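>>> requesting a structural model of the entry that follows:
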Amino acid sequence: KEYVLVYFKQRSAEELKVIEDGLQKRKIDYKLIDYGISYKEDDYKDLLKKARYVIWLGRQESQGVALEEAMSCDVPILVCDVSYVGQWSVDQKLKDILNEEESAYTNTTSAPYFDERCGIKIKDLSGIDGAIEKMDKQPDSFRSREYVLDNLNLKKQANDF
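Residues are numbered from 1 along each chain as shown. Sure thing, here's the model as predicted:
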């Protein structure tokens with residue numbers, strides 16, 4: 001494994017800078033996927049093959065298919081989770097689909113299907129340094145593919161449905 005993959009989807013440039021500064025401070029090589037700008041599914045899959053882990057800086061999700069792809073590849077994930085639904089950076093037209101109350105809703109996440117086997121979740125970027133350190137020390141201790149096989153297989157999903 002050659003680098004850390006940073007997956008950046010519709011969050012603020014300031015949040016991304018905090019993560020990049022943390023990686024650069026530790027001299028950790030990383031690659032960036034910028035969803036909507038430089039995102040191609042085949043590129044993402046190729047990058048996952050050589051990633052030690054993924055730092056996920058994404059918006060709230062109801063499913064999180066790209067996150068589940070990383071988990072399926074057994075790549076551990078450090079999720080920099082959202083604190084509220086409106087914690088995303090998009091043009092005003094898209095933001096206007098939510099009223100103020102909906103945008104401020106706090107019972108949300110960037111990783112709806114996830115447990116401790118998959119990696120680490122943090123809500124506050126002030127904890128990014130400790131989380132990166134933990135991911136660097138024990139990337140092989142996570143078993144995200146096991147989580148996918150246990151929870152997201154077709155039989156279980158059909159029964160749940």
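
>>> residues in contact with the residue nearest to residue 71 when sequence neighbours are not counted?
Sequence neighbours aside, residue 144 is the residue nearest to residue 71 in space, at 3.9 Å (criterion: CB to CB, 6 or more residues apart in numbering). Using the backbone N, CA and C atoms, a C-beta is placed for each residue, glycine as well. By CB atoms under 8 Å, 6 or more residues apart in numbering, the contact list for residue 144 reads 70-72, 74-77, 117-119.

>>> same check on residue 16?
6, 8, 57.

>>> could you redo the last one with a cut-off of 10 Å?
6, 8, 32, 34, 55, 57, 80, 89 (CB atoms under 10 Å, 6 or more residues apart in numbering).

>>> can you tell me the helix or strand for it?
Per DSSP states H and E, residue 16 falls inside helix 13-25.

>>> same deal with residue 53?
strand 51-57.

>>> do the same with residue 85
Going by DSSP H and E, residue 85 is not part of any helix or strand.

>>> which ones are touching it?
Applying CB under 10 Å, 6+ apart, we find residue 85 in contact with 59-60, 98, 101-108.

>>> for those residues, which single residue is the most surrounded?
Taking other CB atoms under 10 Å as the neighbour criterion, residue 60 ranks highest of the contacts of residue 85 with 21 neighbours.

>>> apart from its neighbours in sequence, what residue is nearest that residue?
Distances taken as CB to CB, 6+ apart place residue 108 nearest to residue 60, at 4.3 Å, with adjacent residues excluded.

>>> pretty sure the one you found is in contact with residue 83, am I right?
Yes. The pair formed by residue 108 and residue 83 meets the contact definition of CB atoms under 10 Å, at 8.3 Å.
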